[in-house]
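J.: quick one, what's the 3D model for this:
(one chain, ligands or ions: 1)
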Amino acid sequence: MTDPGDNDFLSLRLKAVHDMAVEGIGDLNERRIVDVGSDHGHLPIFALINDGFACAVLTDIHEEPAKRSEQTLRMYGLNDRAAVFCTDGLDGVELDHGDIVVMAGLGGNNMIDIMSRVIARGNADKLKSIIWCLQPQKSSDKLRLFLSEKGFDITDENICEDRGKYYLIIRARFDGIKRDLSLEQRYYGPVILERVRRKEPQVSEYKRRLDKRFELSAQSHEDIRMMLEQRSDTDD
Ligand SMILES: C[S@@+](CC[C@H](N)C(=O)[O-])C[C@H]1O[C@@H](n2cnc3c(N)ncnc32)[C@H](O)[C@@H]1O
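T.: Predicted coordinates for the structure are as follows:
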């Protein structure tokens, strides 16, 4: 295995998720990185070694990856700075003030279920201090709708290209303010649309690919058909 200090320890996708999760946050040594659906545990291991996080929490719904992560943490001498839970999402895991929670490679609906159960615990003050970095494999429109209706601000969105595939990354924070997203913002992303307006090349190419996909699915999806009819031309 490569060294967690090496640049290629994380895939381009996971490195981009990591970078968005920690960007602009100064006091990482007082925070925990919480990786939900951690699998191999590479992202929190990288973060513990390179960012100086006080500690990490790793969860996985399956026993095998949870055990594998424990072994890898031991191998790097990090087991006393990390706790691994075999659980669904964050069930049974208490979040702390200022936690940075990452969910990468999970479906948007799965993320919604996991976050809904966290919200149901209450404690809005603690929730406001937590940063969520989400890389949904699918259903990003449903995830954005959920975030906006539940009072989360989508503070950043970006695209990462890894081995020819585009991955969406969303950073969000609960502030209790419910927002109405337009259909276009739901399907493309409010920050993604801003980046397209600024003519960022990679994001513009991502949007062109989404345009094609939406045009193909418009016949069978009323929302998408309406969205295409209403949309402003952001990439002209
Ligand atoms: C595709 S892997 C992604 C691993 C890693 N986060 C990454 O992005 O490379 C998804 C992992 O999430 C776990 N998983 C799926 N649903 C989960 C849930 N509800 N709670 C915890 N772990 C989950 C799976 O067992 C698997 O290990």
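J.: ok, now which ones touch the most centrally placed residue in the chain?
T.: Against the mean C-alpha coordinate of the chain, by CA atoms, centre = their mean, the closest residue is residue 134 at 0.9 Å. Residues in contact with residue 134 (CB atoms under 8 Å, 6 or more residues apart in numbering) are 102-104, 111, 143, 169-172. All C-beta spots, glycine's among them, are computed from the backbone N, C-alpha and C.
J.: name the nearest residue to it, sequence neighbours excluded.
T.: residue 170 (4.6 Å; CB to CB, 6 or more residues apart in numbering).
J.: around the ligand, which positions in this structure sit nearby?
T.: Proximity of the chain to the ligand, by CB under 6 Å from any ligand atom, involves residues 14, 36-39, 59-62, 65, 88-89, 104-106, 110, 114.
J.: how many neighbours does the closest residue to residue 66 other than its chain neighbours have?
T.: Spatial nearest neighbour of residue 66, chain neighbours left out: residue 86 (4.1 Å); criterion: CB to CB, 6+ apart. Each residue near residue 86 was counted by other CB atoms under 10 Å, and the total is 17.
J.: please name the bridge partners of residue 86.
T.: residue 60 (DSSP bridges).
J.: test my guess that it contacts residue 58.
T.: No. Applying CB atoms under 8 Å as the test, residue 86 and residue 58 come out as separate, 9.8 Å apart.
J.: give me the common contacts of the two.
T.: Common neighbours of residue 86 and residue 58 (CB under 8 Å, 6+ apart) are residue 66.
J.: which parts of the worst-scoring helix or strand of the chain on mean pLDDT are buried?
T.: Least confident helix or strand, the chain: helix 222-230 with a mean of 91, by mean pLDDT, DSSP states H and E. Neighbour counts over helix 222-230 (16 or more other CB atoms under 10 Å) mark 224-225, 227-228 as buried.
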